[in-house]
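Q: need a 3D model of the sequence below.
(chains A and B, ligands or ions: 1)
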Amino acid sequence: MSVYNEKVLEHFQNPRNVGTMENADGVGEVGNINCGDIMRIYIKVDGDERITDIKFQTFGCGAAVATSSMVTELAIGKTVDEALIMNNKDVAESLGGLPPIKMHCSNLAADALHAAVKNYREKRALHQR
Amino acid sequence: MRRIYLDHAATTPVNPEVIAAMLPYFHNNFGNPSSVHGFGREARKAVDEAREKVAKAIGADVREIVFTSGGTEADNLAIQGIVLAKQDKGKHIVTSAIEHHAVIDTCGFLGTQGFEVTYLPVDEYGLVTPADVLAAIRPDTILITIMHANNEMGTVQPIAEIGKIARAHGITFHTDAVQSIGSIPVDVNELNVDLLSLSAHKFYGPKGIGVLYIRKGTKIKPVTHGGGQERKYRPGTENHASIVGLGKAIELATTNLVEKQSKIRMLRHRLIAGLLAIPEVKLNGHPEQRLSGNVNVSIRYVEGESLILSLDMKGVAVSSGSACTSGSLDPSHVLLAMGLSHEEAHGSLRLTLGHDNTEEEVDYVLSVLPEIIERLRKMSPLYSQRYSIPVRT
Ligand SMILES: Cc1ncc(COP(=O)(O)O)c(C=O)c1O
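A: Okay, here's the model as predicted:
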């Protein structure tokens, strides 16, 4: 097992924004059960394309939970374009780093956020048609 | 914070009696057992006495005991040593899909060096079928290596029966008994083995010391070369303090074994009953035919490392077969070989009891675990999905 820093453990113990969302504007899911990590992110987006609310659900290890929690904190208040710039490495850095092995397998939270934004855009495109 | 240790299959604390037996050999009786003078003779005597204790504990002769640096080295010496000695007779090895990495990775390595390895499957309880062993034997089979008791599931294999088959075919038979010593009786003659590995830190002895039992007449070659220690099978100045510790530990571990284990078994019943009372928790492995201290469950919708971390925060030490704890991207090969799904393997929890655990400790674990599981399940997309149709947008 990996050794996590205090900040990662703190996010693991008190994850921010856990839950589901009714009528989410975008939902994104990444990972699969074979590798042991599944992350789902729900976003609410206002008229200025700003993320006003965000929730996550995660099945996975300590790093998976902590990065999910961290990405929700980073994303809230940002525009969807800004959210798309953020990557998995940024999320890990905001947590003060992850054990090397976790950088590959359980560091997918930004990807889940991107998937939620993509889903939001697809839905909006459908509406406007 | 209180601390409860339920990971005795990983390692055990050194028994204070063992520490006391070892202490004189660091400073006062520090001699090199190979030296001719009094310091050396003292050390030699200590090594000889320890060897006698090991031989007595497993029903062997003192000349059949080789001290190694632990279970891993004993397994490597057994497998590679036989292969070196017998490679002109054949290139085929039979093992099982649930061996410890010390065996399975050694066989895997030999697989890249021109040897052929058959990995026998196991049933849902993790048991190898002797008939499968028989069917796997070929004219060029030179070694069969099947573990005595499994480290994750505690499943005890029919070693005596497999040993009989191996002997009837003139094939060398090795068993990794690292997990079974101190838990169940181990006798090299009853088990029909030619080689047997053991490691002191699993039975309240020190880490970094083990034994390979080599039956008299077994054709084997050393894999390291140097001085004449351990009859040249394992050269290098003996770690005599640890050897003394191993000797003391095996003596203590094999005395009153049955009574001591029945206490642990009672605790196991209590623990299993409590765990199975939690919704959607399933016992892995055989309900009875397992080491007395071993409990292995799968907790649906949650991942093992998260469980370990959460329990650790409550002072409880356990382990899991999830990928995150195996140091690779795949969950435990043992659990997958037993037919568990990836989800079940990722959500597995191993709790292994020892002599010092109490009923009260078991009850404490059972009192904190449901909240932890509930918290993690609430966080899990698999859990919220189980009744409703997956969110589709
Ligand atoms: C079944 C089995 N074999 C081998 C080993 C390796 O023993 P050691 O840690 O002494 O190298 C272990 C312990 O991790 C084990 O459980």
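Q: residues in contact with residue 60?
A: I went with chain A, as the question did not name one. By CB atoms under 8 Å, 6 or more residues apart in numbering or on different chains, residue A:60 lies in contact with A:31, A:36, A:37, A:38, A:39, A:106, B:303, B:306, B:324. In this view, the C-beta of every residue, glycine as well, is placed from N, C-alpha and C.
Q: right idea, wrong chain: chain B
A: Here residue B:60 is in contact with B:54, B:188, B:213, B:215 (criterion: CB under 8 Å, 6+ apart).
Q: strands - which of these land there?
A: Among those, DSSP state E puts residue B:213 in strands.
Q: turn the contacts of residue B:60 into JSON lines, including pLDDT and neighbour count.
A: Compiled in JSON lines, those are given as follows (pLDDT from 0 to 100; neighbours: other CB atoms under 10 Å in any protein chain shown):
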{"residue": "B:54", "pLDDT": "98", "neighbour count": "26"}
{"residue": "B:188", "pLDDT": "98", "neighbour count": "22"}
{"residue": "B:213", "pLDDT": "98", "neighbour count": "27"}
{"residue": "B:215", "pLDDT": "98", "neighbour count": "18"}
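Q: for residue B:174, what are phi and psi?
A: Backbone torsions of residue B:174, given as degrees, to the nearest 10, read phi -110, psi 140.
Q: isn't it up against residue B:76?
A: No: counting by CB atoms under 8 Å, residue B:174 sits too far from residue B:76 to count as a contact (11.0 Å).
Q: neighbour count: these two, which is higher?
A: Taking other CB atoms under 10 Å in any protein chain shown, residue B:174 and residue B:76 do not tie; residue B:174 has more neighbours (31 against 21).
Q: hang on, the earlier thing: keep only those of the contacts of residue B:60 that are also close to chain A.
A: Counting by CB under 8 Å from any CB of the partner chain, nothing from those sits close to chain A.
Q: return the residues of chain A in contact with chain B.
A: Close to chain B, as judged by CB under 8 Å from any CB, chain A has residues A:1-2, A:4, A:9, A:12-13, A:15, A:18, A:20, A:24, A:26-27, A:29, A:33-40, A:57-65, A:101, A:105-106, A:119, A:123.
Q: now those: which count as buried?
A: Buried subset of those (neighbour count, 16 or more other CB atoms under 10 Å in any protein chain shown): A:1-2, A:4, A:9, A:12, A:15, A:18, A:24, A:26-27, A:29, A:33, A:35-40, A:57-65, A:101, A:105-106, A:119, A:123.
Q: residues near residue B:255, how many?
A: Applying other CB under 10 Å, we find 10 residues neighbouring residue B:255.
Q: next, give phi and psi for it.
A: With angles defined as degrees, to the nearest 10, residue B:255 sits at phi -90, psi 140.
Q: identify each buried residue in the helix or strand hosting residue B:273, please.
A: Counting by DSSP states H and E, the element that carries residue B:273 is helix B:257-276. By 16+ other CB under 10 Å, the buried positions in helix B:257-276 come out as B:257, B:260, B:261, B:264, B:265, B:267, B:268, B:271, B:272, B:274, B:275.
Q: swap in stretch B:208-223?
A: For stretch B:208-223, a neighbour-count test (16+ other CB under 10 Å) marks B:209, B:210, B:211, B:212, B:213, B:214, B:215, B:218, B:220, B:221, B:222, B:223 as buried.
Q: how far away from the center of its chain is it?
A: 18 Å (CA atoms, centre = their mean, to the nearest Å).
Q: would you map the helices across chain A?
A: Assigned by DSSP state H, chain A shows helices spanning A:6-13, A:62-75, A:80-85, A:88-94, A:100-105, A:109-128.
Q: got a list of contacts for the third one?
A: Applying CB under 8 Å, 6+ apart, the contact partners of helix A:80-85 are A:43, A:45, A:49, A:50, A:51, A:75, A:113, A:114, A:117, A:120, A:121.
Q: next, count neighbours for residue A:14.
A: Residue A:14: 9 surrounding residues under other CB under 10 Å.
Q: check contacts around it.
A: Neighbouring residues of residue A:14 by CB under 8 Å, 6+ apart: there are none.
Q: find the centremost residue of the chain, please.
A: Answering for chain A, as no chain was given. In chain A, the residue lying closest to the centroid (CA atoms, centre = their mean) is residue A:109, at 3.8 Å.
Q: my bad, chain B
A: Centre-nearest of chain B using CA atoms, centre = their mean is residue B:179, 3.4 Å out.
Q: what does the stretch 51-200 of chain B have sitting close to the ligand?
A: B:70, B:71, B:72, B:75, B:100, B:102, B:147, B:151, B:176, B:178, B:179, B:199 (CB under 6 Å from any ligand atom).
Q: mind giving me TSV with the residues you listed and columns for pLDDT?
A: Shown next, in TSV, are those (pLDDT from 0 to 100):
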residue	pLDDT
B:70	98
B:71	98
B:72	98
B:75	98
B:100	97
B:102	97
B:147	98
B:151	96
B:176	98
B:178	98
B:179	97
B:199	98
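Q: closest one of the contacts of helix A:80-85 to chain B?
A: Using CB to the nearest CB, residue A:120 comes nearest to chain B of the contacts of helix A:80-85, at 9.1 Å.
Q: burial count for that closest one?
A: Using other CB under 10 Å: residue A:120 sits among 23 other residues.
Q: find the nearest non-adjacent residue to residue B:61, please.
A: residue B:55 (5.9 Å; CB to CB, 6 or more residues apart in numbering or on different chains).
Q: my read: that neighbour touches residue B:49, true?
A: No: using CB under 8 Å, residue B:55 makes no contact with residue B:49, being 10.8 Å away.
Q: so for the two, which residue has more residues nearby?
A: Set residue B:55 next to residue B:49 and count neighbours by other CB under 10 Å: residue B:55 wins out with 20 against 14.
Q: tell me how far that one lies from chain A.
A: Applying CB to the nearest CB, to the nearest Å, the value for residue B:55 to chain A is 38 Å.
Q: need the contact list for that residue.
A: Residues in contact with residue B:55, defined by CB under 8 Å, 6+ apart, are B:61, B:62, B:64, B:65.
Q: now those in TSV, with pLDDT?
A: Shown next, in TSV, are the contacts of residue B:55 (pLDDT from 0 to 100):
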residue	pLDDT
B:61	98
B:62	98
B:64	98
B:65	98
